[in-house]
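*Asks:* this one's structure only:
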Ligand SMILES: Cc1ncc(COP(=O)(O)O)c(C=O)c1O
């Protein structure tokens, strides 16, 4: 064991040693930038949003200048009441009121709060591969065990797999739509079947399963695909939302949790406030809350994302690669043409293009390309994909 390694807990050590593929990719990209210069590297690893639009920057400036009593003091744990009101309007479902909303430290905060507040310690949390790897961290910190349903061949939800994964120990299912990394947007039929499955499970086993819907990319859905309303299907549902991606403010750490009316009430409200404290967040950042209030609408211009999606999809397919249709989000999910996906990703990195191997998301046969970068980087990537896909896999 390297000196000093016994300072952190065994869990932390295990996690650090086991992965962090996305951040490892970002570090590799930094190494390439140091070597070749920033303009010569396509860093398609981290899910960085595009730069925040001018209106959003101006809203932050106005929020920073806003004078109000206790501007820099403690505030209600669940956020400014007028922002909770706005978020309830944003959800737009009868029965969802300010009391159903907690303003959170991004979607990460919302997911952690939901798991802490509603899912007993020791429970299992079911996720569908491919899945955002941080789900395991959020669950394990809350004392839950993650159970992953293997990936389906065509990217749709494997509902039979979910059915098989539900046990008496299941406390929650996390559904991410649009999905990072597959780009799949849950359909109405899938949502209906999932809800029916959870309802059937409740009647058979006598335990309610919380449906945690991670909607980080909800404003980044490419028509004809469209968002489905989870609240219309399953009562034990929470929505975890953030402004990280669509407003380009991931570093400002702002999002919200919305409860289905059947979960709202004074007890849950007090419970969520307690979780906000217990998790150490206390409240979401004040300036970001005020900036959201400055904005008349929380809209996102889809066009620059769609252009990048189309360019990178064409590049991958021209290279003869099998790329899933990106129906929403920032990622292209590509099958590795080589059995050894890590070797293929390394070969791309040799051509100054950094992607994340699918093992990070529970599907080692694929890799993820984040396309929300500037167009010249996508051209570097297009060249690297074409060159690498034309190579024979290294012999073992
Ligand atoms: C699927 C998914 N959920 C949650 C998050 C965390 O979002 P936030 O920055 O709002 O905490 C991300 C960030 O990449 C994500 O991709």
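*Replies:* Received it, and whenever you're ready, just let me know what you need. Fair warning: this is a prediction, and the values are worked out from it, not measured in the lab. Residues are numbered from 1 along each chain as shown.

*Asks:* Now stretch 60-77: buried residues?
*Replies:* By neighbour count on 16 or more other C-beta atoms under 10 Å, the buried set for stretch 60-77 is 60, 63, 75, 77. Where you see a C-beta, it was placed from the backbone N, CA and C, and this is true even at glycine.

*Asks:* same thing with stretch 215-227?
*Replies:* Quick answer for stretch 215-227 (16+ other C-beta under 10 Å): 215-222, 225.

*Asks:* which of these come close to the ligand?
*Replies:* Filtering the buried residues of stretch 215-227 for proximity to the ligand (criterion: C-beta under 6 Å from any ligand atom) leaves residue 216.

*Asks:* now the buried residues of stretch 215-227 in JSON lines, with pLDDT?
*Replies:* Shown next, in JSON lines, are those (pLDDT from 0 to 100):
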{"residue": "215", "pLDDT": "98"}
{"residue": "216", "pLDDT": "98"}
{"residue": "217", "pLDDT": "98"}
{"residue": "218", "pLDDT": "97"}
{"residue": "219", "pLDDT": "97"}
{"residue": "220", "pLDDT": "97"}
{"residue": "221", "pLDDT": "98"}
{"residue": "222", "pLDDT": "98"}
{"residue": "225", "pLDDT": "98"}
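
*Asks:* And the buried residues of stretch 215-227, which is closest to the ligand?
*Replies:* Nearest to the ligand among the buried residues of stretch 215-227, counting by C-beta to the nearest ligand atom, is residue 216 at 4.4 Å.

*Asks:* Now do the contacts for that closest one.
*Replies:* Applying C-beta atoms under 8 Å, 6 or more residues apart in numbering, we find residue 216 in contact with 107, 176, 180, 240-242, 244-245, 255.

*Asks:* likewise residue 7?
*Replies:* With C-beta under 8 Å, 6+ apart, residue 7 has no contacts at all.

*Asks:* Need the per-residue pLDDT for it.
*Replies:* Residue 7 carries a pLDDT score of 90 in this model.

*Asks:* Next one: it from residue 13, what distance?
*Replies:* Counting by C-beta to C-beta, to the nearest Å, the separation of residue 7 from residue 13 is 9 Å.

*Asks:* go on, residue 339?
*Replies:* 31 Å.

*Asks:* Looking at those two, which is more packed in?
*Replies:* Per other C-beta atoms under 10 Å, whichever of residue 339 and residue 13 has more neighbours is residue 13, with 14 against 11.

*Asks:* so how far is the host helix or strand of the more buried one from its chain's centroid?
*Replies:* In the assignment (DSSP states H and E), residue 13 maps to helix 10-18. On the basis of C-alpha atoms, centre = their mean, to the nearest Å, helix 10-18 sits 22 Å off its chain's mean C-alpha point.

*Asks:* Could you do stretch 362-377 as well?
*Replies:* The chain centroid and the centroid of stretch 362-377 are separated by 15 Å under C-alpha atoms, centre = their mean.

*Asks:* Around the ligand, pick out the residues from the stretch 51-200 of the chain.
*Replies:* 106-108, 132, 176, 180.

*Asks:* Which of those residues fall within strands?
*Replies:* Residues of these located in strands (DSSP state E): residue 176.

*Asks:* out of the residues of the stretch 51-200 of the chain next to the ligand, which is most surrounded?
*Replies:* residue 107 (28 neighbours).

*Asks:* just the helices in the stretch 251-396 of the chain please.
*Replies:* Shown for the stretch 251-396 of the chain, the helices assigned by DSSP state H, counting those that start in this stretch span residues 266-278, 286-294, 303-318, 341-350, 375-389.

*Asks:* for the record, mean pLDDT for the shortest one?
*Replies:* Helix 286-294 shows an average pLDDT of 97 in the prediction.

*Asks:* try the last one
*Replies:* Over the span of helix 375-389, the pLDDT mean works out to 97.

*Asks:* same thing with the fourth one?
*Replies:* In this model, helix 341-350 carries a mean pLDDT of 94.

*Asks:* So what's the gap between it and the chain middle?
*Replies:* Taking C-alpha atoms, centre = their mean, the mean C-alpha location of helix 341-350 is offset from the chain mean by 24 Å.

*Asks:* Strands of the stretch 1-150 of the chain, residue ranges please.
*Replies:* 42-43, 101-104, 124-128, 145-149 (DSSP state E, counting those that start in this stretch).

*Asks:* Partner strands of the last one, with direction?
*Replies:* Listed by DSSP bridges, the sheet partners of strand 145-149 and their directions read strand 124-128 (parallel).

*Asks:* ok, residues contacting the partner strand?
*Replies:* So strand 124-128 is contacted by 115, 119, 135-136, 139, 144-149, 151, 157-158, 161-162, 165-167, 169-175, 362 (C-beta under 8 Å, 6+ apart).

*Asks:* Wait, residue 384 touches residue 346, no?
*Replies:* No. The criterion here is C-beta atoms under 8 Å, and residue 384 misses it with residue 346 at 11.7 Å.

*Asks:* Which residue, neighbours along the chain excluded, lies closest to residue 309?
*Replies:* Excluding the flanking residues, the one nearest residue 309 by C-beta to C-beta, 6 or more residues apart in numbering is residue 326, at 5.1 Å.

*Asks:* Quickly note the distance from that neighbour to residue 301.
*Replies:* Going from residue 326 to residue 301 by C-beta to C-beta gives 17 Å.

*Asks:* repeat for residue 264
*Replies:* 33 Å.

*Asks:* Which one of these two is surrounded by more residues?
*Replies:* residue 264 (20 against 11).

*Asks:* Make TSV from the strands of the stretch 1-150 of the chain and add mean neighbour count to it.
*Replies:* Shown next, in TSV, are the strands of the stretch 1-150 of the chain (neighbours: other C-beta atoms under 10 Å):
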stretch	mean neighbour count
strand 42-43	26
strand 101-104	29
strand 124-128	24
strand 145-149	18
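
*Asks:* so what's residue 228 scoring on pLDDT?
*Replies:* If you check residue 228, the pLDDT there is 98.
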